[in-house]
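> Below are the sequence and a predicted model for it; my questions follow.
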Amino acid sequence: MQNSQSELQPDPWQLYLPYDNKYQLKGCCFKTRPNWRDMKDRTIITNIQDRDLPDNTIKTCKYTFWTFLPLNLIEQFSKMANIYFLIIGYLETIALISITDGQPIIWFPLFIVIAISAVKDFFEDHKRQVSDIDENNRIALVLTNYGLIEKKWSQILVGDIIRVEQGEYFPADVIVIKTSEKGNCFIETKNLDGETNLKIKKQHKSLQFTRNLNDHNLYKEQILIHYDKPNPYLYKFNGTITMPPDHNLSDGDQSRDSIINYDAEHRKVYQLDEVNFILRGCSLRNTHWIYGLVVYTGFDTKIMLNSTKARPKSSTLESQMNFFIILVFFIQLVICLFSAQYSVFWQLNNFMDIPYLELDENDLQTNIVFRTMERWGTWLLIYTNFVPISLLVTLEMVKYLQGMMIEIDKECMTQNQKTEVQTSNLNEELGNVNYMFTDKTGTITKNLMEFKTISIFGKSYGMINNRSQILNNQELKNMPEVTNVDFKDKQLFNDLQQNDEHSRRIIEYFMHLTLCHTILVEYEQGKIKYNASSPDELALLMGAKFCGFEYVGLDDGMMIVKYKDQLIKYKLLQVLEFTSARKRMSVIVQDQNDKIILLCKGADSMIINLLDKQNIQNLELLQITEQHLEQYAEKGLRTLLLAQKELSQQQYDEWITKYLKAGLQTINRDELLLSLQDQIEKNLNLIGGTGIEDKLQDDVGITMQKILNSGIKIWVLTGDKLETAINISYACNLLNDSQQKIVISADDQFEAQFKINQGLDQMKSQFLNRTTALIISGDSLIHLDEKYHIKFIELAKQCHTVIACRVSPKQKQELVQLVKDNIYNIVTMAVGDGANDVNMITAANIGIGIKGVEGNQAARAADYSIGEFKILQQLLLYHGRECYRRNQVLVGYNFYKNLLIVLPHFWFSFYNGFSPLNLYDPWLYQFYNMFYTSLPIMIYAILDQQYTPKFLLQNPQLYQTTNKVNLLTFFFWFCSGAIQSAIVIYSVFPSMEQTSIDKEGRILFLSSVGMAVFCYAIIIVNLKIFVFSYMNSIGSVLFIFASIFLYLLTYLFLSKVSNKLDISHTFIHLFSNAQFYFILSGIIVLTIFFDLALARWSIFSEQELFEIQKIRDIQEPPPQSMMPPDRFENLFQEEDAYDDTSALLPIKPVKNRKYTGYAFAQQEKKLDEALRNAEN
Amino acid sequence: MSDSKGFLHWLFFKKWHPVPSVGSTIALFSIIGVIFVVLGIVITVINNNIQEVTIYKYDQKCSPVEYNKKCSFTYKFDQMKAPIYFYYELENFYQNHRRYVKSKSSTQLSGEEISLSDAEKYCEPIIYNKDLEEWQQVVYITEDNILVTKESKPDDIASPCGLVAKSFFNDTYELSLSGKKIELNQTGISWPNDKGKKYKRAHDSENTQWIDPENEHFIVWMRTAGLPTFRKLWGRIEQDIEEGEYIIEFQNNYNPQMFAGAKNIVLSTSGPFGGKNLFLSIAFIVVGVIQLLIALAFLIKKIRAGPSFGQKNE
């Protein structure tokens, strides 16, 4: 202890300054959070709240009630488009160039646009606020003068002692003070890093005295803790604990100062480290309660400091759109310039012919620059709507509503979770994903192991292919109640009752299962509860229990097994722990007959080498068992081999003395121990194998297959071991044996680099044109430098699947970032469920969080949170694809409709020497975007459907067939608008103005013909929706005609009511004129029907392509995994009750499969710890 | 709540998904094509039955060409059926120029008085009486197009002001056949509701205005044309006219050199859909042919690509 003291800061007492912890005040009144690097180390005293430090409030919302308006306005006007229209509005007030009588009419639609955005922002922020309040208002027990008192999480302060009950989450980062379990406690960090095994946390030795204190006395304790400033390092905690000289220092108000003034001689300083420290977000397991001292709160907690700030995400479509808007703006400027120049030169050239305009020739010639500028300004105002004012807000609203559609889609719901759209901005991005990164635990798998199949002395059970062998429900009821078991083979129970050689072996086998493990037993309300650090072991033990062999517990060094109401005791001699290098574990036990047995289970690759090769029976058995294991692995099960051997007393004694001696060595102890373990674990006799199913989420295989078929590349990023990751990938269709695999698992830089180079070479030669999977370990990634990162990406780019195992949360994020940075023009999506995925989720273009059973951290950070992995099918293949298709049309359509209304001015100008003339009524013109043409396209973008969801899900390749947006897409719409506006102008003016005579002989004039153009534009724009709609509903048709009708109504009103407008009384001129309708029909046919022809042409051609695709698919049969194995279907068609989920697992054409699914999820313990266990 | 949900469902979620087939597409476009071609032919026939006579540059028919003088010439008309519309047509006159179109005060024209600032704002550059033509400063033109001489103050705001009013076309016409005058009805030539509403005489019209805004020729003029060559209705002949040499007498007031164009007279009869519209008949036939070509293209593609073209997906 003295040693560790000297490493620490010299003297915490002296370092302590009363106001050290205070936040700096910046600016006049805003309290800003300094960067954690600028904070000071902390010193606190238990039970004295440090009010200078922030409380435990978490705030993720952007605005408060008061700051909403200014901040939101600033944000809105940081959008270029809004500034543009603001400036245009100002230009409109300049009489010289105004086309609107000097009124900033454009501000009206701008106001609406901004108001809508603001309302949306308000509600979104409100949602966040609610969830903040939710989190902040959770209740925690805080120790006070009056005992334990319930307080809100937000009210917890540094210095408080809180009590956390079993199963509860920790509201803040705490130091363990005392626990119900003799100073130990178990926590689960699933929320933080996704690991579900329990971790042990300990009370510091110096705090042992608190065990006997009641709440009241504990509250009086005043212990000084000095520790690091807040920092984001999750697994690091540095601090000292300084005891008061006299623990029982009694009553009286102990102010902080009095403690600080302690004489230096009395102090006792101890080092605190990570094992005493629990993070916010962990949950307490297997421990009834603990008391903890709050050390970091709110934003200072490690988990909060670790969370990357969510940056605003925008979709590719949007950035393309923004670029196009800028492009359009430049086109607009060029056209303005051209128009203005033309206008001025026309006036100069035709000066003599236009005396009735009373122009001043001198002025024209001398002020040519100014006149040009003036014209230019007016043209700018006329062409204002080149930039679609309502596009951004329409898109925003549409996406929000699309998000709602996703949320109410029944296919996007699981039994108890619905899909939530948090960033509706990215809807269409879902239809454009190239790379998908997914976490394993909790995302692909349920993190639930199930006992599934066993192979006992050459006989396999659990692979049922005969109906009569299945336990029926009645029989199942008689079985012991267990979890984690999916075993229904009647044969086993029959064999067990035979009382022959084989049945004895079955007993032997199950005894092995019940003894060879490291599970602790807990009694909870009289029931046995297994506490397993490895879910595999739990499943095995549960399986044994199911078959009648119940492990009751460890009592006085005796392992007790209950079989047929009989207690069988074994003395536990040694546990040879599991390590990832050994891939096996053993126990040495002594049975009631003093026979010493070594029981060993592990990966087949390991166990095979340890078997007794002399024994021919053993080898024969191995052959059969291996076959079984391969069968299991094909079904995606995790396999283990079980072996055992008898040890003579002498053998054991010799070995154990060596082993214990080796444990005391200081040099090379680990190696020595390992070699000794190897010594004893040999010449084993095989007894069988196991197959455990790592329960996948429902339909993972199908989902993966569909996502792969849709052309998305899948990367699995997992913290799990290589074997587990590979195993799961097999189980969920990501890997199969027809694939080439490149495995990069290197311990040093050179090996890693070599492997990558080798992989690249192989890609060019052997693996050319073959599907390839890349498997890489996180350690190898660490060893790669930047140059090799790029090489790695190059390699990974060519692989369909990449599996990265043993990667840390940070590495996950880095991988996503690496792909994003190095592959041009792609969209990445990350799927995860735990807090360890949050970084990855925020880094990817789209983050998808799976709402786990526990913890919603990932879901909260994500853009979309879903209930289960399988929802991705619907989300990507249907919603994503359709949103992408529809939104791209929406954007293009907005350019189109604005051009259709703006460009007539351009075309018309050839009639009037490009003098900037507004053809329409300025007010109706502003309504155009807002009211006459906005709703139908919105309805289209929300509801249209090219294919039914079912069809799209059946044909994932359709995911790629939506035309990818590029500038040409928008340009097409742009040209369409330009051409159609020309058609309108050049058919309306010659026909209506010159010869269109009504019954009284009257001829239409500029304003009325202008309004006719406007009317035609509105009709065309609205009817155009029909051209690209694949689906119609009553509502959609209704709104299209309602929009046209609304225009007619407002026009009629304006025309009737006002006397002073150019358009006054013109309504009747148009609509009483037969020729108006003739021209209308001609224009509709020339524009809409022409478009319809084009659209149908492309649909028919697309279907042609699709047909080819279909034929190709038939030639190259889809992977069989898409279909459930038929043998079940044929047999049990009428019985639905039997639901074997394994039927959904892939059965693949396997050629000489070498891979067996070894996987074992267990935390390695240090060897000495294992030794200590053995000593006990 | 459930009701509204049901309603929404009915409105938006009962979708129908028309799957177009090549056959129906070909049929659709053929039918439309045929309809348009037929309509085009019908319109052409109708157009051919409409008579339209244009007398180009009538002012040149008098010799010598003098202005502000009466002048007459003879012109042979075929037999025409009432109603016959009498138009004047101006070529190369840019009534659609921004400076021109904007230069009027709608307020003033609707019979209200306007302030000087408004006049300056809207009527630039014709604001005061002195800015008007000389003859306009000394007359008052009544509703019936009769000129009454009067004095006006040069510095008063011109009423009506602006370029459009100032350039008012003031030629007048009379038509007679062998000494018998043929009546040209000049009422009802403006659009309904314009007279008396949008164009309304001011309170003390005779003294403050130089023309009565309810003068229909004026109203027709004020409704500016969109094309540089435009017609404006001047009168209506409400009786059939026989074939014969007609004498057209006109007051040659408006100098075509002012606009470097031509003054024409157009007489036209009307058909069931209004006047002669050659554009429409050609356009309809062209549109119809285009539709037929589209149908043909689909047909050819269908034959060449076989059944895979336009195969239904679902």
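Looks like it arrived, so ask away.
> what about residue A:538, how many residues close to it?
21 (other C-beta atoms under 10 Å in any protein chain shown). For every residue, glycine as well, the C-beta is placed using N, CA and C.
> Now do the contacts for it.
Going by C-beta atoms under 8 Å, 6 or more residues apart in numbering or on different chains, residue A:538 touches A:449, A:484, A:519, A:530, A:532.
> Any chance of the residues you listed in TSV with pLDDT as columns?
Rendered in TSV, the data for the contacts of residue A:538 read as follows (pLDDT from 0 to 100):
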residue	pLDDT
A:449	82
A:484	79
A:519	82
A:530	81
A:532	73
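> Filtering the residues you listed by proximity to chain B, which remain?
When C-beta under 8 Å from any C-beta of the partner chain is applied, no member of these is adjacent to chain B.
> Next up, identify which helix or strand the closest residue to residue A:106 other than its chain neighbours is on.
Residue nearest to residue A:106 in three dimensions, not counting chain neighbours: residue A:89, with 4.7 Å by C-beta to C-beta, 6 or more residues apart in numbering or on different chains. Taking DSSP states H and E as the criterion, the element that holds residue A:89 is helix A:80-92.
> List of residues touching that helix?
Applying C-beta under 8 Å, 6+ apart, the external contacts of helix A:80-92 come out as A:76-77, A:97-100, A:102-107, A:109-110, A:113-114, A:322, A:325-326, A:329, A:377, A:380-381, A:384, A:387, A:389, A:391-392.
> what comes up buried for the helix or strand following it?
Secondary structure here is assigned by DSSP H and E; on that basis, the next helix or strand after helix A:80-92 toward the C-terminus is helix A:107-136. Neighbour-count burial for helix A:107-136 flags A:107, A:109-110, A:112-114, A:116-118, A:120-121, A:124-125, A:128-129, A:132, A:135-136 (criterion: 16 or more other C-beta atoms under 10 Å in any protein chain shown).
> Quick check: residue B:251 vs chain A, distance?
In this view, residue B:251 and chain A are 19 Å apart by C-beta to the nearest C-beta, to the nearest Å.
> Could you give the bridge partners of that residue?
Partner residues in beta bridges with residue B:251: residue B:70, residue B:172, with DSSP bridges as the criterion.
> wait, what's in contact with it?
In this structure, residue B:251 makes contact with B:68-71, B:170-173, judged by C-beta under 8 Å, 6+ apart.
> do the same with residue A:607
A:584, A:600-601, A:641, A:643, A:684, A:686.
> what about 10 Å?
The neighbourhood of residue A:607, defined by C-beta atoms under 10 Å, 6 or more residues apart in numbering or on different chains, consists of A:583-584, A:600-601, A:622, A:625, A:640-643, A:681, A:684, A:686, A:689, A:1158.
> Now residue 286, what are its backbone angles?
Chain wasn't specified; assuming chain A. Torsion angles at residue A:286 (phi, psi; degrees, to the nearest 10) stand at phi 50, psi 20.
> that answer is for a different chain, and I need it for chain B
phi -60, psi -50.
> what about residue B:206, neighbour count?
12.
> And for the one 10 residues further on?
Close neighbours of residue B:216, defined as other C-beta under 10 Å, add up to 23.
> repeat for residue A:494
Residues contacting residue A:494 under the criterion other C-beta under 10 Å number 11.
> Could you list the low-confidence segments of the stretch 1051-1176 of chain A?
The model of the stretch 1051-1176 of chain A has pLDDT under 70 over residues A:1104-1176.
> Residue B:152 and residue B:207 touch, don't they?
Yes. Counting by C-beta atoms under 10 Å, a contact exists between residue B:152 and residue B:207, whose distance comes to 8.2 Å.
> More neighbours: which of these two?
When residue B:152 and residue B:207 are compared on other C-beta under 10 Å, the one with more neighbours turns out to be residue B:152, at 21 against 11.
> out of the buried residues of helix A:107-136, which touch chain B?
The overlap between the buried residues of helix A:107-136 and the neighbours of chain B (C-beta under 10 Å from any C-beta of the partner chain) is empty.
> how about the nearest residue to the residue nearest to the spatial centre of chain A, chain neighbours excluded?
A centroid search over chain A (C-alpha atoms, centre = their mean) returns residue A:848, at 2.5 Å, as the residue closest to the centre. Using C-beta to C-beta, 6+ apart and skipping residues adjacent in sequence, the residue nearest residue A:848 is residue A:831, 4.5 Å away.
> For that neighbour, give its distance to residue B:121.
Taking C-beta to C-beta, to the nearest Å as the measure, residue A:831 falls 64 Å from residue B:121.
> the more surrounded of the two?
Using other C-beta under 10 Å, the more surrounded residue of residue A:831 and residue B:121 is residue A:831, with 28 against 16.
> who's in contact with the more buried one?
Neighbouring residues of residue A:831 by C-beta under 10 Å, 6+ apart: A:436-439, A:443-444, A:714, A:716-717, A:837, A:840-841, A:844, A:846-850, A:858, A:862, A:864, A:866, A:869, A:872.
> What about the residues you listed, which are in strands?
Among the contacts of residue A:831, the subset assigned to strands under DSSP state E consists of A:436-438, A:714, A:716-717, A:846-850, A:864, A:866.
> Max pairwise distance over the residues you listed: which two?
A:716 and A:864 (19.3 Å; C-beta to C-beta).
> What's the local residue count around residue A:576?
Residue A:576 is flanked by 25 other residues according to other C-beta under 10 Å.
> Can you tell me the SS state at it?
Under the three-state scheme (DSSP: H, G, I helix; E, B strand; the rest coil), the conformation of residue A:576 reads as strand.
> Okay, and the beta partners of it?
Following DSSP bridges, residue A:576 is listed with bridge partners residue A:586.
> In this structure it contacts residue A:656, no?
No. Between residue A:576 and residue A:656 there is no contact under C-beta under 10 Å: 11.5 Å.
> my guess is residue B:23 meets residue B:29, correct?
No. With contact defined as C-beta under 10 Å, residue B:23 does not count as touching residue B:29 (11.3 Å).
> intersection of neighbour lists for the two?
Common neighbours of residue B:23 and residue B:29 are listed as B:298-299 (criterion: C-beta under 10 Å, 6+ apart).
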